[in-house]
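Engineer: Give me coordinates for this.
(one chain, ligands or ions: 3)
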Amino acid sequence: MPEGVHLEIAATVSSPPTELPRRYHVKSFGCQMNVYDSERMGDLLSAQGMAPVATPEEADVVVLNTCHIRERAAEKLYSDIGRLRQPRRDGSRPTIVAAGCVAQAEGAEIAARAPAVDVIVGPLAYHRLPQLLQQARGGRVIDIDMPAVPKFDSLPARHTTQASAFLTVQEGCDKFCTFCVVPYTRGPETSRPAADLLAEAKALVARGVREITLLGQNVNAYSDSLGGGLSLSGLIRELAQIDGLARIRYTTSHPRDMEGAGGDDLIAAHAEVAKLMPYLHLPVQSGSSRILKAMNRAHTRDSYLATLARLRAARPDIALSGDFIVGFPGESDADFEQTLSIVREVGYAAAYSFKYSIRPGTPAATMADQVPEAVKDERLARLQATISEASLAFNRSTVGRRCTVLLERPGRKPGQLIGKTPWLQSAVVSLPGAVIGDLVEVEIVSAMPNSVEAMPCRPQSQVA
Ligand code: SAH
Ligand code: SF4
Ligand code: F3S
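Structural biologist: Ligands and ions are numbered 1, 2, ... in the order given. The predicted model follows:
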């Protein structure tokens, strides 16, 4: 048994299957890093000779890769387990794996509340999934260690066939925003060695990947301690040398790591590296500096706006997106008005907004002046309407621009394909003969709030 794996005998109602599992299904509930982890768990199971299936109903092993960020995200685990534990027509039931951030935060609670779960594994330990599945044949196993040996060293080759792939470069968080569970579920900030990342990126490109999105909870805090402290911009510049890789993106960045001289090199990369796409997700959370202080964000409204001004000076067409929380404890009407005004002032291309959700164990959970649910609902609706106006205005501002679109999936109508512009807009393109994975040159011809329509243009035209 590997170090740190706690074995316990489960008081399950029905026994786990005794046949060797052959088919697996991994369901992702969380952020892009959670999606990356799901893909890697799939790679692990495929390397064991198992085959992926499209639905949990067909699978012998179902991995529920959970998210703990808001209460509702965590609850989804229990409703899925409820469905999966029902015996199937032949009397069997799948082996159930609870993975991800809920498993990390509430492993013991899952074991007590959902006895049907066979394996509970945290986001830093899932490289041991094949062994855990073996051990689970004798009763439930829990592995929520944060092992010293990075999981990435123990993962098999990637099998993706997509045009655009994720690549986790940094994990964990040292920022401790007062509302957030991530520092507790993902541990401290760690960065993967650049040499490993370049090898993984080259292997992806050899499989046909054209675009790589570098992932991290605080991706712009990336620092390769083995590679002389290579920063994210240094990594991007090295990745840009890979022939066949057309586009590089990164997410999610923290404004704190972009402020002052610390952000200079990354901002310069936006001006200098052609493959780095003109898009940045830089969550602000609130437009009120008073609330930002209570959130422990370590940036103010003004310092955030100053960072955006530097980015726009370096790359004038950069598209910006953000995250917002409404109804943080103590948020007044005046604070909330400042959130609406920052959305209008920045002119976001896109933004994600959430009602504050109490997370047990975080400092904000016990703060005074919790905002009533009805007020949160009303603020969220107003914020989302303001964000939609901003997105539509941004999309309209791109009509007439020529650019490339990386085609990623079929559209609704025959002959249509959907892909992404450099500014991460979803673009609907009708181009006979084009296939998924093509990078096509287009002109944006019309704009909706969440997408644009594009027409092919002549190959020799100037494009972004
Ligand atoms: N590391 C990233 C965000 C990771 S979590 C950053 O610092 O920006 C993704 C988003 O979920 C956050 O940006 C925040 O907007 C939201 N979020 C996190 N905790 C939350 C909570 N308790 N309630 C509501 N939204 C939350
Ligand atoms: Fe959570 Fe803040 Fe860390 Fe982002 S920076 S993951 S919001 S604690
Ligand atoms: Fe959720 Fe964990 Fe990602 S809590 S947002 S899956 S880091």
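Engineer: Run through the residues that contact V53.
Structural biologist: The contact partners of V53, by Cβ atoms under 8 Å, 6 or more residues apart in numbering, come to 23-25, 59. (C-beta placed from N, C-alpha, C; glycine too.)
Engineer: Go through those residues and single out the one with the most neighbours.
Structural biologist: The residue in these with the most neighbours, by other Cβ atoms under 10 Å, is Y24 (27 neighbours).
Engineer: how close does G437 sit to A195?
Structural biologist: Separation of G437 from A195 (Cβ to Cβ, to the nearest Å): 27 Å.
Engineer: Spell out, range by range, the strands that occur in the stretch 251-400 of the chain.
Structural biologist: Remark: strands of the stretch 251-400 of the chain, listed N- to C-terminal, are 279-281, 319-326, 350-355; assignment by DSSP state E, counting those that start in this stretch.
Engineer: Can you give me the buried ones in the second one?
Structural biologist: Buried residues in strand 319-326, counting neighbours by 16 or more other Cβ atoms under 10 Å, are found at 319-322, 324-326.
Engineer: quick one: which of those residues is nearest ligand 3?
Structural biologist: Of all the buried residues of strand 319-326, the one with the least separation from ligand 3 (Cβ to the nearest ligand atom) is I325, at 13.2 Å.
Engineer: That closest one bridge partners, please.
Structural biologist: On the basis of DSSP bridges, I325 is bridged to F354.
Engineer: Next one: it, what pLDDT does it get?
Structural biologist: pLDDT, the model's per-residue confidence, is 98 for I325.
Engineer: just R301 next, same as before
Structural biologist: Predicted confidence (pLDDT) for R301: 98.
Engineer: again, but for the one 4 residues further on
Structural biologist: Per-residue confidence for L305 comes out at a pLDDT of 98.
Engineer: Surely it touches V346?
Structural biologist: Yes: with contacts counted by Cβ atoms under 8 Å, L305 reaches V346, the gap being 7.5 Å.
Engineer: So for the two, which residue has more residues nearby?
Structural biologist: When L305 is set against V346 and neighbours are counted by other Cβ under 10 Å, the residue ahead is V346, at 20 against 16.
Engineer: who's in contact with N450?
Structural biologist: Under the criterion of Cβ under 8 Å, 6+ apart, the contact partners of N450 comprise 391, 426.
Engineer: So it, which state does it fall into?
Structural biologist: Using DSSP: H, G, I helix; E, B strand; the rest coil, the three-state assignment for N450 comes out as coil.
Engineer: Which helix or strand lies directly C-terminal to the helix or strand bottoming out on mean pLDDT in the chain?
Structural biologist: Across the helices and strands of the chain, the lowest-confidence element by mean pLDDT, DSSP states H and E is strand 6-7, at a mean of 34. Read in the C-terminal direction, the helix or strand following strand 6-7 is strand 23-28, with elements assigned using DSSP states H and E.
Engineer: Kindly report the residues of the chain close to ligand 1.
Structural biologist: For the chain, the contact set with ligand 1 under Cβ under 6 Å from any ligand atom comprises 69-70, 179-180, 182, 217-218, 252, 254, 283, 285, 323, 325, 354, 356-357, 359.
Engineer: Near ligand 3, list only the ones from the residues you listed.
Structural biologist: Of the entries in the residues of the chain next to ligand 1, those that also sit close to ligand 3 under the rule Cβ under 6 Å from any ligand atom are 69, 182.
Engineer: and the residues of the chain next to ligand 1, which are buried?
Structural biologist: Of the residues of the chain next to ligand 1, these count as buried by 16+ other Cβ under 10 Å: 69-70, 179-180, 182, 217-218, 252, 254, 283, 285, 325, 354, 356-357, 359.
Engineer: Go through those residues and flag which are in helices.
Structural biologist: When those are checked against helices (DSSP state H), the matches are V182.
Engineer: which among the buried ones among the residues of the chain next to ligand 1 gets closest to Q48?
Structural biologist: Set against Q48, the nearest of these by Cβ to Cβ is Q217 (28.8 Å).
Engineer: Measure how the strand or helix carrying L132 sits relative to strand 23-28, angle-wise.
Structural biologist: Here L132 sits within helix 129-136, counting by DSSP H and E. For the pair helix 129-136 and strand 23-28, the angle between their directions (axes from the mean of the first three to the mean of the last three Cα atoms, to 10 degrees) equals 120 degrees.
Engineer: thinking again about what came up before, okay, G437 and A195: which has more neighbours?
Structural biologist: Between G437 and A195, counted using other Cβ under 10 Å, the more crowded position is G437 (17 against 13).
Engineer: what's around the closest residue to that one other than its chain neighbours, how many residues?
Structural biologist: By the measure of Cβ to Cβ, 6 or more residues apart in numbering, the closest residue to G437 outside its immediate chain neighbours is A163, 4.2 Å from it. Neighbourhood size, A163 [other Cβ under 10 Å]: 22.
Engineer: got it, and the one 3 residues further on?
Structural biologist: Burial measure for F166: 21 neighbouring residues, criterion other Cβ under 10 Å.
Engineer: so what's it scoring on pLDDT?
Structural biologist: What the model reports as pLDDT for F166 is 96.
Engineer: isn't there a helix covering it?
Structural biologist: No: applying three-state DSSP, one finds F166 to be strand, outside a helix.
Engineer: is it true that it touches D37?
Structural biologist: No: the pair F166 and D37 fails to qualify as a contact (Cβ under 8 Å) at a distance of 9.6 Å.
Engineer: if we can go back for a sec, so which of the buried ones among the residues of the chain next to ligand 1 reach ligand 2?
Structural biologist: When Cβ under 6 Å from any ligand atom is applied, the members of those adjacent to ligand 2 are 180, 182, 217-218, 254.
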